[in-house]
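K.L.:
attaching a predicted model along with its sequence, questions to come.
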Amino acid sequence: MAMCRREGEALARISGPIDAAPRPRQRCCPARRGLAEAIRRRLTIKIDRLLAGGDLAVDVVRLETEVALLAERGDVTEEVIRLGSHLDQFADVVASGTAEPVGRRLDFLLQEMLREANTLGAKAQDAGSRSRWWR
């Protein structure tokens, strides 16, 4: 019991940094606003390079379809909302000061946060977007 109490006290001390941490919604969502346009620009440049000097033409409808599909695949709104929720829940549990055991709950929340962070990293379109999200 004494060890559990010490661990709880140590966890309570980390609530300050957790509360001060910027929430993903604050950092990530503004960076994602221009996603479709950035994808369109990159695809257009690549297509122009491939077609340079040739007689082929770009199917604009197909290009826009691909842009829409890639933008949808790169949308991280759901992950950002979930990660923010998990951070809020974690901070609430730590700040609650309850005498009840909370280790399993915190472990679960940390696993979920890691899952969302991994998905965000996998969906990131470029290194610049990764650095904008987490600065």
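P.N.:
Looks like it came in fine. Residues are numbered from 1 along each chain as shown.
K.L.:
averaged pLDDT, the helix or strand that contains residue 64. What do you get?
P.N.:
Under the criterion of DSSP states H and E, residue 64 resides in helix 60-73. Model confidence over helix 60-73, given as mean pLDDT, is 82.
K.L.:
can you point out the buried residues in it?
P.N.:
If you call a residue buried by 16 or more other Cβ atoms under 10 Å, then helix 60-73 has these buried ones: 67, 70, 71. (Each C-beta comes from the backbone N, C-alpha and C, glycine too.)
K.L.:
what packs against it?
P.N.:
Counting contacts by 3 or more Cβ pairs under 8 Å, 6 or more residues apart in numbering; DSSP states H and E, the secondary-structure elements packed against helix 60-73 are helix 35-51.
K.L.:
mind saving the C-alpha coords of the helix holding residue 64 as CSV?
P.N.:
Once side chains and other backbone atoms are set aside, the C-alpha atoms of helix 60-73 remain, and they are given as CSV (Å, rounded to 0.1, in the frame of the first residue of the first chain):
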residue,chain,number,x,y,z
VAL,A,60,-8.5,16.9,-64.8
VAL,A,61,-11.4,15.0,-63.4
ARG,A,62,-9.2,12.1,-62.5
LEU,A,63,-6.7,14.4,-61.0
GLU,A,64,-9.3,16.0,-58.7
THR,A,65,-10.6,12.5,-57.8
GLU,A,66,-7.1,11.5,-56.7
VAL,A,67,-6.7,14.7,-54.8
ALA,A,68,-9.9,14.1,-52.9
LEU,A,69,-9.0,10.5,-52.1
LEU,A,70,-5.5,11.4,-50.9
ALA,A,71,-6.9,14.3,-48.8
GLU,A,72,-9.5,11.9,-47.2
ARG,A,73,-6.8,9.4,-46.4
